[in-house]
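Trainee: Predicted model follows, preceded by the sequence.
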Amino acid sequence: MPTRTDTLAEAARLRAAFEDAGAQAVETPILQSADLLLDLYGEDIRARAYVTSDALRGEQMLRPDFTVPVVQMHMSDGAEPARYTYSGEVFRRQEHDEDRANEYIQVGYEVFDGTDPAAADAEVFALFAQLLAPLGLRASTGDIGLLMAAVQGLQTTDRRKAALMRHIWRPRRFRALLDRYSGRTQMSAAREALLAEDDPLGTAPEIGVRSRPEVAARIDALRADATSPPISRTEITALDALLDTRETMPFAIEQISDIAVDLPAIRPALDRIHTRLDALVARGLDVDHLDFEASYGRTQMEYYDGFVFGFYAETRPDLPPVATGGRFDALTRRLGQGAEIPAVGGVMRPGLMLELGR
Amino acid sequence: MTIKLGVPSKGRLMEKTFRWFAARGVTLTRTGSEREYAAAVEGIDGLTLVLLSAGEIPRELAAGRIHLGVTGTDLVHEKLARWEHQVAELEPLGFGQADLILAVPKFWVDVDTLDDLDAVAAAFRARHGFRLRIATKYHRLVREFLRDAGVADYALVDSQGATEGTVKNETAEAVADITSTGETLRANHLKLLSDGLILRSQATLWQSRTAKMTPDQRRTLDAVLRRVDLA
């Protein structure tokens, strides 16, 4: 393991490189509002972040990442376009794997610039690729926007689409919903009986905040859903093919173009990927050997909603990714109180870089 | 050098643990006054009895301050991260059975599964502006269970007692608690989710994996385990 001094020196070097690329260095507080993070990530964040509290401010979390506070800072008083860099500790609670660090240094680069999103994506990726080049890492890319577009374009009810959108980041639940909406799993006998009843509400006393009218409203919704036609075989097959797409970029684009015949709603997202490809080529990147996985970033990168990427040490599968990043337009909308701005960025881990560089 | 056995310091759990050992020829007794937590062991040499709160026994086992301990599966799983690395499960003792379950109001006729709970949580948050609250004292177990099931938009609120009353008091919408017969649930107009069993628990004899032992202590431990038919 590199010493802390070495890691901080490496972090300073990387941050200076980002400053040379035009970024302004910023600092963020270590203690973050627990309420905000819980709102964004749900209760699961408690398993990943250290929670502390005092009697005055209530629960606080030790910063699990920089993106949220940097977006907050930018949305409250940043001018556009803006490029930021930062370095410092992030803290990750570990409950299952002692070998994973619970505190480590991250260096990041974030671009808030809506003029040419594809160019901004390429700028961030190219900068990361260049700084990481000496380590010979494997890069993976993906695009969450593609999957979102596919779901939005399904020939089914808005309610089903909203349910699927909500679980894009939870592949198992997403699959279960898809199986139900496509008729692959049957409704339970008990549920069928309930929906068939004239007065399903029963006589048990109404207690708590959720009211009987809310129960009745959901039964109506379940009845309506039961009469909605299943999502077609064609669409499900196409969606499965999309989720399975894992190719080098040019072949991936070809494959996705074929899928777009059955899922025409993904065409604008596909066009964006194409534009990004051109922007990456313009930056001198070897896209012929760059991986594209349509499902990439679905399990842990919850605030990304467009381009996503990660850099991995293939010889060290035991290590977490050395760098990750992506586009987070939706996060700026959530934190912007009405405002929003296209944004893309990423973080790298100087400690891992030193360890691999030896 | 003796080895230490941790046993819950009061109530039925203590009495039944004493009975379990007595049936195997090891007599555990509380000594001194009613309120003094002193204890004695007869029938085997080298074993010291330590009376502790059931909730502290997992921690003491993990720290290696006691070699053996009796407490519920629920407490070990909740309080020890990667519990299987810190303690070994020697024997379920056949009492103290209780299930950690997830329950919702009985009049929620539209909710039978975790899948329903997740859908309701989304609608609840949209309508009320806050996440659906689940009252519990088993935060880690419940959170991991719900994460594995892919349930979102809920919040855990801490409840150290009278948990089944929280729904009526409007401090939670659902509860995750220990139940043995379900009587308290029914009395509070709650029902179990059909796939809402989080953990089956019972009083269990555990061995610390971290406690250091001299060869002498190792022999004592072996003798104790032979006496209670576990070796």
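Mentor: Okay, I see it. Numbering: from 1, shown residues only, chains lettered A, B, ... in the order given.
Trainee: switch to C-alpha atoms for all contacts and neighbour counts from now on
Mentor: OK.
Trainee: got the contact list for the closest residue to B:Phe145 other than its chain neighbours?
Mentor: In this structure, B:Phe145 finds its nearest non-sequential neighbour in B:Ile198, 6.6 Å apart by CA to CA, 6 or more residues apart in numbering or on different chains. Neighbouring residues of B:Ile198 by CA atoms under 8 Å, 6 or more residues apart in numbering or on different chains: B:99-102, B:141-142, B:145.
Trainee: what does A:Arg57 give?
Mentor: Counting by CA under 8 Å, 6+ apart, A:Arg57 has no contacts.
Trainee: Please tell me the pLDDT value assigned to it.
Mentor: At A:Arg57, the model reports a pLDDT of 87.
Trainee: now B:Ala187
Mentor: 95.
Trainee: Let me see the ranges of the strands in the chain.
Mentor: I'll assume chain A. With strands called from DSSP state E, chain A shows them at A:24-25, A:31-33, A:51-54, A:58-62, A:82-91, A:103-112, A:138-143, A:246-248, A:291-293, A:307-312, A:323-327, A:343-348.
Trainee: if you could check chain B rather than the one you did, that'd help
Mentor: B:3-8, B:27-31, B:38-42, B:47-52, B:68-72, B:87-92, B:98-105, B:132-136, B:154-158, B:174-179, B:190-201, B:203-208.
Trainee: who wins for proximity to A:Ala9 among those?
Mentor: strand B:154-158 (40.7 Å; CA to CA).
Trainee: chain center to that closest one: distance?
Mentor: Taking CA atoms, centre = their mean, to the nearest Å, one finds strand B:154-158 lying 19 Å from the centre of the chain it belongs to.
Trainee: could you give the angle of that strand to strand B:174-179?
Mentor: 50 degrees (axes from the mean of the first three to the mean of the last three CA atoms, to 10 degrees).
Trainee: Contact partners for the closest residue to A:Val344 other than its chain neighbours?
Mentor: Closest residue to A:Val344 apart from its sequence neighbours, by CA to CA, 6+ apart: A:Arg327 at 4.1 Å. By CA under 8 Å, 6+ apart, the contact list for A:Arg327 reads A:121, A:304-308, A:342-345.
Trainee: And for A:Phe125?
Mentor: A:Phe309.
Trainee: For the spatially closest residue to A:Ser33 that is not a sequence neighbour, the count of nearby residues, please.
Mentor: Spatially, and ignoring its direct neighbours in sequence, A:Ser33 is nearest to A:Gln60 (5.0 Å; CA to CA, 6+ apart). By other CA atoms under 10 Å in any protein chain shown, 20 other residues sit near A:Gln60.
Trainee: separation between the nearest residue to B:Pro92 once chain neighbours are set aside and A:Asn102?
Mentor: Leaving out its chain neighbours, the residue that sits closest to B:Pro92 by CA to CA, 6+ apart is B:Thr204, at 4.2 Å. Counting by CA to CA, to the nearest Å, the gap from B:Thr204 to A:Asn102 is 32 Å.
Trainee: Burial check on A:Val281, number of neighbours?
Mentor: Using other CA under 10 Å, A:Val281 has 15 neighbouring residues.
Trainee: which ones are touching the closest residue to it other than its chain neighbours?
Mentor: Counting by CA to CA, 6+ apart, A:Val287 is the residue found nearest to A:Val281 once chain neighbours are left out, at 6.7 Å. Residues in contact with A:Val287 (CA under 8 Å, 6+ apart) are A:248-250, A:277, A:280-281.
Trainee: What of A:Pro229?
Mentor: A:Thr156.
Trainee: need the residues of chain B near chain A, please.
Mentor: Applying CA under 8 Å from any CA of the partner chain, we find that chain B lies next to chain A at B:81-82, B:105-110, B:119-120, B:124, B:140, B:143, B:147, B:149-150, B:152-156, B:167-170, B:172-173, B:189.
Trainee: How about residues contacting the helix or strand of chain B at the bottom of the mean pLDDT ranking?
Mentor: The helix or strand of chain B with the lowest confidence, counting by mean pLDDT, DSSP states H and E, is strand B:38-42 at a mean of 85. For strand B:38-42, the surrounding residues in contact (CA under 8 Å, 6+ apart) are B:26-32, B:47-51.
Trainee: Which of the strands of chain A sits closest to A:Arg212?
Mentor: strand A:58-62 (33.1 Å).
Trainee: rewinding a little: let's have the strands of chain A in JSON lines, adding distance to B:Glu91.
Mentor: As requested, those are exported to JSON lines (distance: least, CA to CA, whole Å):
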{"stretch": "strand A:24-25", "distance to B:Glu91": "58"}
{"stretch": "strand A:31-33", "distance to B:Glu91": "44"}
{"stretch": "strand A:51-54", "distance to B:Glu91": "35"}
{"stretch": "strand A:58-62", "distance to B:Glu91": "39"}
{"stretch": "strand A:82-91", "distance to B:Glu91": "38"}
{"stretch": "strand A:103-112", "distance to B:Glu91": "38"}
{"stretch": "strand A:138-143", "distance to B:Glu91": "48"}
{"stretch": "strand A:246-248", "distance to B:Glu91": "48"}
{"stretch": "strand A:291-293", "distance to B:Glu91": "48"}
{"stretch": "strand A:307-312", "distance to B:Glu91": "44"}
{"stretch": "strand A:323-327", "distance to B:Glu91": "46"}
{"stretch": "strand A:343-348", "distance to B:Glu91": "48"}
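Trainee: Can you list the low-confidence ranges for the chain?
Mentor: With no chain named, the answer covers chain A. Within chain A, the ranges that satisfy pLDDT under 70 run A:300-301.
Trainee: Any idea how many residues pack against the nearest residue to B:Leu141 once chain neighbours are set aside?
Mentor: Excluding the flanking residues, the one nearest B:Leu141 by CA to CA, 6+ apart is B:Glu78, at 5.7 Å. B:Glu78 has 18 neighbours, counted by other CA under 10 Å.
Trainee: One more: A:Gly42?
Mentor: 18.
Trainee: Hmm, B:Gly150 and it touching each other?
Mentor: No. The criterion here is CA atoms under 8 Å, and A:Gly42 misses it with B:Gly150 at 11.4 Å.
Trainee: Residue ranges of each domain in chain A, please.
Mentor: A:4-150+A:237-357, A:159-232 (automatic domain parsing).
Trainee: Where do the domain boundaries of chain B fall?
Mentor: Taken from automatic domain parsing, chain B resolves into B:3-96+B:202-227, B:98-201.
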